[in-house]
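Student: My questions concern the predicted model and sequence given below.
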Amino acid sequence: QVQLVESGGGLVQPGGSLRLSCVASGTIFSIRAMGWYRQAPGKQRELVATITSGGTTTYADSVKGRFTISRDNAKNTVDLQMNSLKPEDTAVYYCNVNLKRLPQLPPRDYWGQGTQVTVSS
């Protein structure tokens, strides 16, 4: 099986920064895309940022210029550096990893348990 463990959420004032981390462990043959999604109360889960195995990144328009996604392929980790945080960034943030557990298996998505980020004064 595969486990995704997230860390780094918490309460921060507007304009502050937080760094989220996610590590994937277990039976892993190869990791393709890694990313972060978020879900605010009463809203659908939305994409925040993704990064391919080659390092190509995509961001939601709402976080461009403020958030930076990065990964360490040797450690199977993906981080999200969040700067200039706004109250509207408040949500549960989920790590997402698309990987193959074994070479003969198709790739599939795995999700972390979520970590709360609250931006409030």
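Tutor: Good, I have the coordinates.

Student: now residue 104: how far from residue 62?
Tutor: Going from residue 104 to residue 62 by CB to CB, to the nearest Å gives 39 Å. All C-beta atoms are positioned from the backbone trio N, CA, C, and that covers glycine.

Student: Sorry, slip of the keys, the one I care about is residue 35.
Tutor: 15 Å.

Student: Between those two, tell me which one has more neighbours.
Tutor: residue 35 (23 against 13; other CB atoms under 10 Å).

Student: so what's the nearest residue to that one once chain neighbours are set aside up against?
Tutor: Nearest residue to residue 35, sequence neighbours excluded (CB to CB, 6 or more residues apart in numbering): residue 50, at 3.5 Å. When contacts are counted by CB atoms under 8 Å, 6 or more residues apart in numbering, residue 50 touches 33, 34, 35, 36, 57, 58, 69, 96.

Student: Would you list the phi and psi of the first one?
Tutor: It refers to residue 33. Phi and psi for residue 33, reported as degrees, to the nearest 10, are phi -80, psi 150.

Student: Pull the residues that contact the helix or strand harbouring residue 25.
Tutor: Secondary structure from DSSP states H and E places residue 25 in strand 18-26. Contact with strand 18-26 is made by 1-10, 12, 31, 34, 36, 75-82, 85, 93, 95, 97, 99, 101, 110, 112, 115, 117, as judged by CB under 8 Å, 6+ apart.

Student: What count of nearby residues applies to the spatially closest residue to residue 17 that is not a sequence neighbour?
Tutor: Nearest non-adjacent residue to residue 17, counting by CB to CB, 6+ apart: residue 83, 4.8 Å away. The number of residues packed near residue 83 is 14, by other CB under 10 Å.

Student: Run through the residues that contact residue 83.
Tutor: Contacts of residue 83 (CB under 8 Å, 6+ apart): 17, 66, 67, 68.

Student: And for residue 99?
Tutor: Contacts of residue 99 (CB under 8 Å, 6+ apart): 2, 24, 28, 29, 30, 31, 32, 107, 108, 110.
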